[in-house]
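In: need a structure here:
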Amino acid sequence: MLSQIHSCSLLGIEGQIVTVEIDVLNGLPSYVLVGLPDTGVKESKERVYSALKNSGYSYPMKKITINLAPADLKKEGPAYDLPIALGLLMASEQLEPVDIESYVILGELSLSGEIKPINGILPMVLAARDHGFKKIMIPSANQYEAAVVEGIEILPVQSVAEAAAHLSGECCKAPCKVDIDALFKRSSTHNCETDFSEIRGQEHAKRAFEIAAAGAHNLLLSGPPGAGKSMMAKAFPSILPDMTVEEALEVTKIYSVAGLLRDAQVMTERPFRSPHHTISNISLIGGGRIPKPGEVSLAHLGVLFLDELPEFKKSALEVLRQPIEDQQVTISRVNASLTYPASFMMIASMNPCPCGYYGDPTHECRCSTSEIHRYAGKISGPLLDRIDIKIEVPAMDFDALETAPKGESSADIKVRVNAARAVQNRRYGEEKGLYFNAQLSPRHIEKYCELGMPEKQLMEKIYKKMNLSARGYHRILKLARTIADLEGAVEIKAAHLSEAVQYRSFSPEG
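Out: Residues are numbered from 1 along each chain as shown. As a prediction, the model looks like this:
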């Protein structure tokens, strides 16, 4: 007898509907599984056999053929265990389901028949809803992650027996529901150990962080050891703008695929990733035999903090150039080409030289001129050109440290950042995938960063004097747009352009 059950696969961070076809015929016992299964899918035979026997069902000792369609899509992981088990019960006439065509079914089986959680449940649920399915049966451990999706019934089950009883109508499960709005009503302050009010002085650097947070701009800090670069970077999450529901779901999909959600239902706070400088290219960008998201994708719509930037391998830094510009990463393998989103803020810090004290009035620099240039030369010109804000963070003397007044709290700064980001959300509401100023393309810049005649004349002078590239010119306009948004200005004025230029006039090479 032939049975069919709908399931789902992952292609990058997008779900793909898979039809599990099972044919049980009389003949010598055999088991054939086709449809490009990987080792994890092939091993389902042993898990399903034990799960059915230990749940009180009989395993059909006949000629079994299982096809996972479409046959040209690589199938990975144990998510097909439950649909295969239920399909075998249907094909061997041990289960007569009601309305099986409206279901998508997912789950990994233990040998006892219990259903274990799987990774990537959120994009699979979104795919099922978008393909018109009304119900999805998933492991109970994944129910709260899946229930943030509206428009489809989430039916959590704990065992094969429970799933079969629900499908046959013997014991109907109530769908799981969550109030997604309530998830965003928690404290709007990031769980951050450092507050900006604890940082004395460095007001110009704090202003740069505020602008970076408001427009999602890349930022490079250069200064001697102990000046406060890392401390301000670690306080940065406390002023990041609140995420919208759409942004939260986009980030949650990535963490769901990577298996990093832990007990969270949805990512309500922007990610902050801080990899060590020994990180490999693949771990930074993504990839592997089975491609997985890298740090740049895990930092999507959040922050990638690279402390001691010149200490990273030059090859690792160079591979950042493409995702910074394109805001996505494409990983090509034999079976597929996967694209992961990578629209992140890069916050980087560095010393001015190997010893750290070049230009410091209170410490003697021990580095030669060639060592200083070689150290700064580890960061290429094309990468520097992609950083919107570059500032020096000098060391503070004792008097300045003791007499500097307590600064603004992170909560006060965040109010302005949220207001500026709200302006951008309204402005780009009809632009798909466009959330903040740093994402503006040349076409968008022409539309949203229009200058008056005095401002055009000023930019012409700046362009010639600073010998800007076209990219550098566009980044100044995007930065000026953010400064104007922070002030609540509709049009970009000369003062906004002048401040934006100051943040690009510094070069680590001196």
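
In: so which residues of the stretch 151-300 of the chain form strands?
Out: 153-157, 219-222, 272-273, 286-287, 292-293 (DSSP state E, counting those that start in this stretch).

In: closest to residue 486 out of these?
Out: Checking the strands of the stretch 151-300 of the chain against residue 486 by CB to CB gives strand 219-222 as the closest, at 15.1 Å. Every C-beta, even on glycine, is put in place using the N, C-alpha and C of the backbone.

In: quick one: strands adjacent to the closest one?
Out: strand 345-350 (parallel), strand 389-392 (parallel) (DSSP bridges).

In: about what we covered before: could the strands of the stretch 151-300 of the chain be laid out in a markdown table, adding mean pLDDT and mean neighbour count?
Out: Formatted as a markdown table, the strands of the stretch 151-300 of the chain follow (pLDDT from 0 to 100; neighbours: other CB atoms under 10 Å):
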| stretch | mean pLDDT | mean neighbour count |
| --- | --- | --- |
| strand 153-157 | 95 | 22 |
| strand 219-222 | 93 | 25 |
| strand 272-273 | 94 | 19 |
| strand 286-287 | 84 | 22 |
| strand 292-293 | 88 | 23 |
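
In: could I get these as a markdown table with distance to residue 470?
Out: Formatted as a markdown table, these follow (distance: least, CB to CB, whole Å):
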| stretch | distance to residue 470 |
| --- | --- |
| strand 153-157 | 49 |
| strand 219-222 | 20 |
| strand 272-273 | 30 |
| strand 286-287 | 29 |
| strand 292-293 | 31 |
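
In: what's the closest of these to residue 302?
Out: Taking those one by one with CB to CB, strand 272-273 is closest: 5.9 Å.

In: check which helices and strands that closest one sits against.
Out: Counting contacts by 3 or more CB pairs under 8 Å, 6 or more residues apart in numbering; DSSP states H and E, strand 272-273 packs against strand 303-306.

In: so what touches the strand it packs on?
Out: 233-234, 236-237, 240, 270-275, 277, 295-296, 312, 344-349 (CB atoms under 8 Å, 6 or more residues apart in numbering).

In: could you point out the helix or strand that follows that strand?
Out: Toward the C-terminus, strand 303-306 is succeeded by helix 314-318 as the next helix or strand (DSSP states H and E).

In: how about the helix or strand following that following helix as CSV, C-alpha atoms only?
Out: Using DSSP H and E, the helix or strand that follows helix 314-318 towards the C-terminus is helix 321-326. Provided in CSV are the C-alpha atoms of helix 321-326 (Å, rounded to 0.1, in the frame of the first residue of the first chain):
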residue,chain,number,x,y,z
ARG,A,321,34.9,42.9,2.3
GLN,A,322,32.2,41.1,0.2
PRO,A,323,29.7,40.6,3.0
ILE,A,324,30.1,44.2,4.3
GLU,A,325,29.3,45.5,0.8
ASP,A,326,26.7,42.9,-0.3
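
In: pull out the buried positions in the helix or strand following helix 321-326.
Out: Where DSSP H and E defines the elements, the next helix or strand beyond helix 321-326 is strand 328-332. In terms of neighbour count (16 or more other CB atoms under 10 Å), strand 328-332 has its buried residues at 328-329, 331.

In: pLDDT added to those residues, as JSON lines?
Out: Output for these, formatted as JSON lines (pLDDT from 0 to 100):
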{"residue": "328", "pLDDT": "90"}
{"residue": "329", "pLDDT": "91"}
{"residue": "331", "pLDDT": "84"}
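
In: which one among these gets closest to residue 20?
Out: Nearest member of those to residue 20, counting by CB to CB, is residue 331, at 27.2 Å.

In: so that closest one sits right up against residue 342, yeah?
Out: No - counting by CB atoms under 8 Å, residue 331 does not reach residue 342; the two are 11.1 Å apart.

In: any stretches of the stretch 51-200 of the chain with poor pLDDT?
Out: 184-191 (pLDDT under 70).

In: could you point out which element follows the lengthiest strand in the chain?
Out: Longest strand of the chain, by residue count under DSSP state E: strand 14-25. Using DSSP H and E, the helix or strand that follows strand 14-25 in sequence is strand 30-34.

In: same question for that next one, mean pLDDT?
Out: Per-residue pLDDT over strand 30-34 has a mean of 95.

In: how about that strand as PDB, C-alpha atoms only?
Out: In PDB, the C-alpha atoms belonging to strand 30-34 read as follows (Å, rounded to 0.1, in the frame of the first residue of the first chain):
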ATOM      1  CA  SER A  30      13.900  -5.100   2.100                       C
ATOM      2  CA  TYR A  31      14.400  -1.400   2.800                       C
ATOM      3  CA  VAL A  32      15.200   1.100   0.100                       C
ATOM      4  CA  LEU A  33      15.500   4.800   0.800                       C
ATOM      5  CA  VAL A  34      16.000   7.100  -2.200                       C
END
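
In: that strand: which residues count as buried?
Out: residue 33.

In: now stretch 305-319
Out: 305-307, 309-310, 312, 316-317, 319.

In: helices of the stretch 151-300 of the chain, start to end?
Out: Assignment of helices within the stretch 151-300 of the chain using DSSP state H, counting those that start in this stretch yields the ranges 160-168, 180-183, 203-215, 229-235, 245-258, 281-285, 295-298.

In: quick one, which of the ones you listed gets closest to residue 437.
Out: helix 203-215 (3.9 Å).

In: the closest one packs against which elements?
Out: In terms of contacts (3+ CB pairs under 8 Å, 6+ apart), helix 203-215 is packed against strand 219-222, helix 229-235, strand 345-350, strand 389-392, helix 410-427, helix 470-487.

In: same list (the ones you listed) but as JSON lines, adding distance to residue 179.
Out: Below are the helices and strands packed on helix 203-215 laid out as JSON lines (distance: least, CB to CB, whole Å):
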{"stretch": "strand 219-222", "distance to residue 179": "36"}
{"stretch": "helix 229-235", "distance to residue 179": "31"}
{"stretch": "strand 345-350", "distance to residue 179": "30"}
{"stretch": "strand 389-392", "distance to residue 179": "39"}
{"stretch": "helix 410-427", "distance to residue 179": "22"}
{"stretch": "helix 470-487", "distance to residue 179": "31"}
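
In: give me the pLDDT for the spatially most central residue of the chain.
Out: By CA atoms, centre = their mean, the chain has its centre lying nearest to residue 300, at 3.3 Å. Per-residue pLDDT puts residue 300 at 94.

In: could you find the closest non-adjacent residue to it?
Out: Counting by CB to CB, 6 or more residues apart in numbering, residue 300 lies nearest to residue 341, which is 4.9 Å off, once chain neighbours are set aside.

In: coming back round to it: least reliable of the helices of the stretch 151-300 of the chain going by mean pLDDT?
Out: Across the helices of the stretch 151-300 of the chain, helix 180-183 gives the lowest mean pLDDT, at a mean of 73.

In: contacts for that helix?
Out: 148, 150, 245, 265-266, 268.

In: return the distance of it from the chain's centre.
Out: 20 Å (CA atoms, centre = their mean, to the nearest Å).

In: what of stretch 204-218?
Out: For stretch 204-218 - counting by CA atoms, centre = their mean - the centre lies 20 Å from the chain centre.

In: alpha carbons only: can I get it in PDB?
Out: Only the C-alpha atoms of stretch 204-218 are listed here, as PDB (Å, rounded to 0.1, in the frame of the first residue of the first chain):
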ATOM      1  CA  HIS A 204      33.500  62.200  21.000                       C
ATOM      2  CA  ALA A 205      33.800  58.400  21.000                       C
ATOM      3  CA  LYS A 206      30.400  58.100  22.700                       C
ATOM      4  CA  ARG A 207      28.900  60.300  20.000                       C
ATOM      5  CA  ALA A 208      30.400  58.100  17.400                       C
ATOM      6  CA  PHE A 209      28.800  55.000  19.000                       C
ATOM      7  CA  GLU A 210      25.400  56.800  19.100                       C
ATOM      8  CA  ILE A 211      25.600  57.500  15.400                       C
ATOM      9  CA  ALA A 212      26.700  54.000  14.600                       C
ATOM     10  CA  ALA A 213      23.800  52.500  16.600                       C
ATOM     11  CA  ALA A 214      21.300  54.800  15.000                       C
ATOM     12  CA  GLY A 215      22.200  54.000  11.400                       C
ATOM     13  CA  ALA A 216      24.000  50.600  11.800                       C
ATOM     14  CA  HIS A 217      27.300  52.000  10.600                       C
ATOM     15  CA  ASN A 218      30.700  50.300  10.800                       C
END
